[in-house]
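Novice: this one's sequence-less:
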């Protein structure tokens, strides 16, 4: 972490912000500030090189054309690669999950090289998944169920170096059943990636605090308790929405 201010990057919000995923940086910044931690959001647009020295990076989802443009821009520079190499925490949502992998197939069945930060590949799953998703996290220290909204047509396969972020209770997630049940997302090194929109950190404050603790180099238990009005009600509403879908 930088000496005085926690710097939270939002990469290419003009093309990777289709589903409100830029809100994840807002959640991180606000949860830090409410604890008395100085924090700033650094917006990195398409005309700017990705800084290699931010404390935390967030990447959102986008449609096919936006995804391809973001993939090209990320591969042009070395900033994000160096951030990954030094272990900076990164949150990647949906299209960005695919871009950070080995490759993904676009809507025209063209295989697009990824950045290779994640040991995953993505191909069309044959139909589009739209709806609520609920998972059990597979990261040590996370105990709360993860909730989100998924909207994607890709099926992502994890290789041996990639650990799924969560086991699906309801929804599709990565879209590939490995024999142990469906999973969502990836956790590899300092990168957390998921198909959950929402924004995911507004729905899952424990995951937000996990990322903050990683950026600050402290244990999550060392963060002070924080009660934000409305957060628990939001979680209860989303969990109820999942149960309602199951009931129908």
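Specialist: Received, thanks. Predicted model, so just to flag it, every value in this text is computed and none were measured. Residues are numbered from 1 along each chain as shown.

Novice: Let me see the mean pLDDT of the helix ranked longest in the chain.
Specialist: Under DSSP state H, the helix in the chain containing the largest number of residues is helix 231-247. The average pLDDT for helix 231-247 rounds to 76.

Novice: What is that helix packed up against?
Specialist: Other elements packing on helix 231-247 under the criterion 3 or more C-beta pairs under 8 Å, 6 or more residues apart in numbering; DSSP states H and E are strand 120-137, strand 146-158, strand 166-170, helix 200-203. In this view, the C-beta of every residue, glycine as well, is placed from N, C-alpha and C.

Novice: quick one: buried residues of the second one?
Specialist: By that I understand strand 146-158. Neighbour counts using 16 or more other C-beta atoms under 10 Å place 146-150, 152-158 of strand 146-158 among the buried residues.

Novice: and the two most separated of these?
Specialist: 147 and 157 (23.7 Å; C-beta to C-beta).

Novice: Give me the contacts around the lowest-mean-pLDDT helix or strand in the chain.
Specialist: Lowest on mean pLDDT, DSSP states H and E among the helices and strands of the chain sits helix 231-247, with a mean of 76. The list of residues contacting helix 231-247 from outside it, by C-beta atoms under 8 Å, 6 or more residues apart in numbering, reads 131-134, 144-145, 147, 169-170, 198, 202-205.

Novice: Hey, what's the angle from it to strand 166-170? Just curious.
Specialist: 60 degrees (axes from the mean of the first three to the mean of the last three C-alpha atoms, to 10 degrees).

Novice: the inter-axis angle of helix 231-247 versus strand 120-137?
Specialist: Using the same axes, to 10 degrees: helix 231-247 against strand 120-137 is 110 degrees.

Novice: what comes up buried for helix 231-247?
Specialist: 231, 234-235, 238-239, 241-242.

Novice: now do stretch 67-82
Specialist: Neighbour-count burial for stretch 67-82 [16+ other C-beta under 10 Å]: 67-71, 73-74, 79-80.

Novice: Mind picking the one among these that's closest to residue 12?
Specialist: Closest to residue 12, out of all of the buried residues of stretch 67-82 and judged by C-beta to C-beta, is residue 70, at 5.0 Å.
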